[in-house]
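Asks: model this:
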Amino acid sequence: MIVKKSRTKNRTGSLFLIVGLLIGSAVLRIGLGTSAAMAKSEEAPQISESAMLEKPIQVETETVEISALVNAIQKREERVAEIEMKQRMRGKALDVVQHEIERRIEALKLAEERLSATLARADTAAEDDVARLTTVYENMKPKDSAALFEAMEPKFAAGFLGRMRPDSAAAILSGLKPETAYTISVILAGRNANAPKS
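Replies: Next comes the predicted model:
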């Protein structure tokens, strides 16, 4: 117990000693710093009037240079702003052109769809007409149909005969002149001669 108390006393004394040394060091530094500053102010060189007159000229020169630099920067900023404005205007013009192109493409697609529908109706109508006419020729008396087919162009006649039932086509062919029947038969036989075989 006694040993512990003496150790605590020693530590406290050591702490006070260190704190005292630090405070003394600080006081010394402050004192030395003040005297050094005073000595420097006494040693400061006296500036002559001619040196004082030269400095404003140097300051004026620097001011002119800075002013020229600021003017150059302002002009450059104006040019950059002008270029940016032109680019924005071009961008808007391109947007308008692109919108117009898209509108025209949509109009063309719509027109193409309408044309396709019209052509499909026309093809269907033409096919329906040919089918109806073929049925009419099949239902006529072979002698009457043969007279019509004799007057037709051979390719045209072959188109109808190729769509008819074989028995109706045979009855009409038998009523034609032999030369006409032969020509139509050759056309019918050669219709698919150029078709791909595989």
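Asks: low-confidence ranges, this protein, go.
Replies: For the chain, the stretches with pLDDT under 70 are 1-15, 27-28, 31-61, 192-198.
Asks: can you give the domain ranges for it?
Replies: 57-128, 140-192 (automatic domain parsing).
Asks: out of these, which comes closest to Arg29?
Replies: Closest to Arg29 of these, according to CB to CB: domain 57-128, at 37.7 Å. Every residue, glycine included, has its C-beta placed from N, CA and C.
Asks: how far does the closest one sit from the chain's center?
Replies: 13 Å (CA atoms, centre = their mean, to the nearest Å).
Asks: repeat for stretch 171-190
Replies: Worked out by CA atoms, centre = their mean, stretch 171-190 lies 64 Å from the chain centre.
Asks: name the residues that touch it?
Replies: The contact list for stretch 171-190, computed with CB atoms under 8 Å, 6 or more residues apart in numbering, reads 137, 142-143, 145-147, 149-150, 154-155, 157-158, 161-162, 164.
Asks: tell me which of the residues you listed is nearest to Leu115?
Replies: For these, the nearest to Leu115 is Lys155 (28.7 Å; CB to CB).
Asks: skipping adjacent residues, who's closest to that closest one in space?
Replies: Ile187 (5.8 Å; CB to CB, 6 or more residues apart in numbering).
Asks: which parts of the helix or strand containing that neighbour are buried?
Replies: Element membership of Ile187 [criterion: DSSP states H and E] is helix 178-190. Within helix 178-190, the residues that count as buried by 16 or more other CB atoms under 10 Å are 180-181, 183-184, 187-188.
Asks: would TSV of the residues you listed with distance to Arg132 be doable?
Replies: Formatted as TSV, those follow (distance: CB to CB, whole Å):
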residue	distance to Arg132
Thr180	24
Ala181	25
Thr183	26
Ile184	21
Ile187	22
Leu188	21
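Asks: how close does the residue nearest the centre of the chain sit to Ile105?
Replies: When CA atoms, centre = their mean is applied to the chain, the residue found nearest the centroid is Gln98 (11.1 Å). Separation of Gln98 from Ile105 (CB to CB, to the nearest Å) stands at 10 Å.
Asks: phi, psi of Lys177?
Replies: When read as degrees, to the nearest 10, the backbone of Lys177 gives phi -60, psi 150.
Asks: let me see the ranges of the helices in the protein.
Replies: For the chain, applying DSSP state H gives helices covering 2-43, 49-139, 142-151, 154-163, 166-174, 178-190.
Asks: appreciated, that's everything.
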